[in-house]
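[1] Turn this into a structure:
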Amino acid sequence: MHSLQPVFVPQSVAVVGASSDPDRIGGRLLRFLLEAQFEGTIYPINKSGALEIQGLPAYASVLDIPGNVDQAVIVVPAPGVETAVRESIAKGVKCVVVLTSGFAELGDAGRLAQNKLLQMCQQAGVRMLGPNSLGLLNVDTRYFATFSTVLYGLQPRSGNISLATQSGAFGSCAYGMATLRGLGLSKIIATGNEADIDVAECIDYLAEDPQTKVICAALESCRDGQRLRAALLKAAAAGKPVLVMKVGRTELGAAAASTHTGSLAGNDAVFDAVFLECGAYRPHSIEEMLDIAYYCTVTGRLPSNNALGIITGSGGIGVLMADHAGDLNLTMPALPPEGVAAAQALLPFAVAANPLDMTAQVTSLPNGVARTLEIMLAHGDYGTVFAYLAHAGLAPERFASTIDRLAELRLQYPHKDVVMVMLSATQSTEKLEAIGIPVFADPTRAMMAMGAAAKMAAQRKHLYAMPAKKPAASRLTDVSTEQGAKHVLKLAGLPVLSEQVCSTANAAAKFASEIGFPVVAKIASPDILHKTEIGGVLLNLQDAKAVESAFETLLARAHQHMPNAQIDGVLITPMVKGGVETILGVQVDPTFGPMILYGAGGTAVELFKDVALASAPLTPDSAKALIDKVKSSALLRGWRGAHAADENAVVNALCKLSEFAMTHADQLQSVDINPLLVQQQGAVCLDAVITLQSGH
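    Below is the predicted model of the structure:
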């Protein structure tokens, strides 16, 4: 049994702080349990010694209850919570739900009090929800352990959508909106301060829950990235779509922002990458989240492919939907010749294409809509077919025969989905939903929901593989300079040129003569990360005299722009011409660990921000998938007649960098390789910056 089963499905509950006033928080919670007709036993607890509260026998302490108690819901003021938790543990409860606020959200003193509660529960093997939680609802068992005022006007209906959220206000808003839309809900939980139970663990539970088909979640933060990853992957393996809204954007600090990678791999971008890799989808609004949840629960699955067929009585609406299909990376293959012939035989004046414009004459044909829809289902590999029918659903009696025929088509083509876009009466909508056909009034919202479902289906083919074990760590040598950074990257298997830091102009000229001209000269300093910004890089030096002059120029520029910088000399390296400039990077995220960045490199990397992120470790396949996410990767493959660059060299470099990141994750803050110059054969790291975590 999952450790959260007693949280979601208690057989008996003590309400500690219950009130006879049904509008006070403690009374409201008890009132909602009674009004919902909770199937289990309820024990009101109030130290006043009242014998009865809201018609139920009452007790002064949970210890006075004669029978067993599965769960204690605590709503007493903050100073009394510790005693309430201690007595609940002594009674033998399996979990405590602390709705009271006034803990870690208020600062250090509250955090200490919260940690004490957690320690008490952990020592006793008791799970704790909260504190500062809005509680939970199990609609199936009618367990409404919350004081949310949304229940004054709404009673959630039973269904297959579950919601786990940190924010109680977000949760009550979401399930209130869902209820007003008539969506069925199974379980709703607000984790509050997450001293013990967090959203990730709730997703893990809901992935096993047979009543839950779609999981909605909302995060403000995440303290255990690996647990969240594992929970999302578990839900994907169970075939359950997970829709996660992540609110709040945080900076990773000045140290991270000092490199290109650090400024580009923000915390929010990391969450996007992790959700994508783990098969989850990130909606942009509660409305969008509920649209997708509705779509998935009605169809009962994700689309079999991203190919879309559209029939419509309006050319304009068809074009609008086709535009959205392009934006959502959905394909709209042409109607095959046999389909065109069938459409023209049925509707001689129709535009027999995709979208298939039925024209108004379809209404004069017996079962014209269903017969047109069948043409799309029978011809072409469309995983989903949309039918825009204007307001046909507003006439239930007239539309009934169409619904009957649609039910037959659903059985005839069980692996294809049908979506209706029309204004519809409740009677028509419910009949369509019962046969697995979603109904949307707005074509844009319908397309967004289907696009999200198709994206999740595609993601499941390329899910992140959790590493079996953590690689053995090893200590890094000095990486404070470019040459130091390149040295350790070379040892890790990345391609690096032969180069040398020279302390005199004469030494620089001599080394340049040894490696051959032309060469590049760069200022060497641990304090100057972005050398080009001070003119600290001179290219295409053709002879020894040019190198000597460059040496003096670079020292002068460094002293002018950064007079207090430590100057180690000038780095002389071979001049490499041609190729595609890319950036490779590592950002060790405090929540999710090493993230690998790839994108268009050069001095304008932060201007164009054509980059993508992926979690380490990378495999050759996931490295290729990362490259595919970047628009400028077309340059690697021979843009407009140019020679193709060595993409395999990039894949190899990404994998080697990924291994390096995993091995040194405890020390690294970030790695910045910009550019990695990719040529027709091979690639080379032309510059590198490694930043370590504080204390390393």
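[2] helix, strand or coil for residue 158?
    strand (DSSP: H, G, I helix; E, B strand; the rest coil).
[3] Tell me where the model's unsure across this protein.
    Along the chain, the model assigns pLDDT under 70 to residues 249-266, 473, 696.
[4] Report the residue ranges of every domain in it.
    Listed by automatic domain parsing, the domain ranges of the chain are 5-241+281-296, 303-446, 498-574, 580-692.
[5] Got phi/psi on the closest residue to residue 219 other than its chain neighbours?
    Spatial nearest neighbour of residue 219, excluding adjacent residues (CB to CB, 6 or more residues apart in numbering): residue 246 at 4.9 Å. Bear in mind the C-beta positions are built from the backbone N, C-alpha and C, glycine included. Main-chain torsions, residue 246, degrees, to the nearest 10: phi -110, psi 120.
[6] how near is residue 246 to residue 162?
    Counting by CB to CB, to the nearest Å, the separation of residue 246 from residue 162 is 18 Å.
[7] repeat for residue 278
    In terms of CB to CB, residue 278 sits 18 Å off from residue 162.
[8] Where does the closest residue to residue 502 other than its chain neighbours sit: helix, strand or coil?
    Using CB to CB, 6+ apart and skipping the chain neighbours, the partner closest in space to residue 502 is residue 508 (3.9 Å). Look at residue 508: counting by three-state DSSP, its state is helix.
[9] and residue 490, which of the domains of the chain is closest to it?
    domain 580-692 (8.2 Å; CB to CB).
[10] Quick one: residues contacting residue 396.
    If you count contacts by CB atoms under 8 Å, 6 or more residues apart in numbering, residue 396 has them with 425, 427, 428.
[11] Report how many residues lie close to the nearest residue to it once chain neighbours are set aside.
    Of all residues not flanking residue 396 in the chain, residue 427 sits nearest, at 4.4 Å (CB to CB, 6+ apart). Neighbours of residue 427 under the rule other CB atoms under 10 Å: 14.
[12] what's the answer for residue 363, then?
    13.
[13] ok, residue 334 to residue 411 distance?
    From residue 334 to residue 411 the distance is 27 Å (CB to CB).
[14] In a strand, residue 42, correct?
    Yes - under three-state DSSP, residue 42 falls within a strand.
[15] Show me what it bridges to in the sheet.
    Residue 42 has these beta-bridge partners by DSSP bridges: residue 13.
[16] before we move on, what about residue 523?
    residue 570.
[17] One more: residue 613?
    residue 597.
[18] Looking at residue 246 and residue 162, which one has more neighbours?
    Neighbour totals were compared for residue 246 and residue 162, and residue 162 leads with 29 against 19 (other CB under 10 Å).
[19] OK, contacts around the more buried one?
    185, 186, 187, 188, 206, 209, 211, 212, 214, 215, 216.
[20] likewise residue 234?
    203, 204, 207, 208.
[21] In strands only, show me those.
    Using DSSP state E, the subset of the contacts of residue 234 located in strands is empty.
[22] Can you select the buried ones from the residues you listed in ChimeraX?
    Selection of buried members from the contacts of residue 234 for ChimeraX, criterion 16 or more other CB atoms under 10 Å:
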select :203,204,207
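[23] The residue nearest to residue 48 when sequence neighbours are not counted: how many residues sit nearby?
    Nearest residue to residue 48, sequence neighbours excluded (CB to CB, 6+ apart): residue 60, at 7.5 Å. By the criterion of other CB under 10 Å, residue 60 has 13 neighbours.
[24] cool, residue 439 as well?
    That count, for residue 439 with other CB under 10 Å as the rule, works out to 21.
[25] was I right about it contacting residue 427?
    No - using CB atoms under 8 Å, residue 439 is not in contact with residue 427; the gap is 11.5 Å.
[26] before we move on, the earlier item: in TSV, list the domains of the chain along with distance to residue 467.
    TSV is the format used below for the domains of the chain (distance: least, CB to CB, whole Å):
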stretch	distance to residue 467
domain 5-241+281-296	10
domain 303-446	29
domain 498-574	30
domain 580-692	6
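[27] quick one, what contacts the residue nearest to the spatial centre of the chain?
    Taking CA atoms, centre = their mean, the centroid of the chain lies closest to residue 275, which sits 2.8 Å from it. Residue 275 makes contacts with 232, 244, 246, 281, 282, as judged by CB under 8 Å, 6+ apart.
[28] Which of the residues in stretch 151-168 are classified as buried?
    By neighbour count on 16+ other CB under 10 Å, the buried set for stretch 151-168 is 151, 154, 156, 159-168.
[29] any chance of these in CSV, plus secondary structure and distance to residue 297?
    Putting these into CSV (DSSP: H, G, I helix; E, B strand; the rest coil; distance: CB to CB, whole Å) gives the following:
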residue, secondary structure, distance to residue 297
151, helix, 22
154, coil, 19
156, coil, 14
159, strand, 7
160, strand, 5
161, strand, 6
162, strand, 11
163, strand, 13
164, strand, 16
165, strand, 18
166, coil, 23
167, coil, 23
168, helix, 24
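[30] Show me which of those is closest to residue 565.
    For the buried residues of stretch 151-168, the residue nearest residue 565 by CB to CB is residue 166; the value is 44.5 Å.
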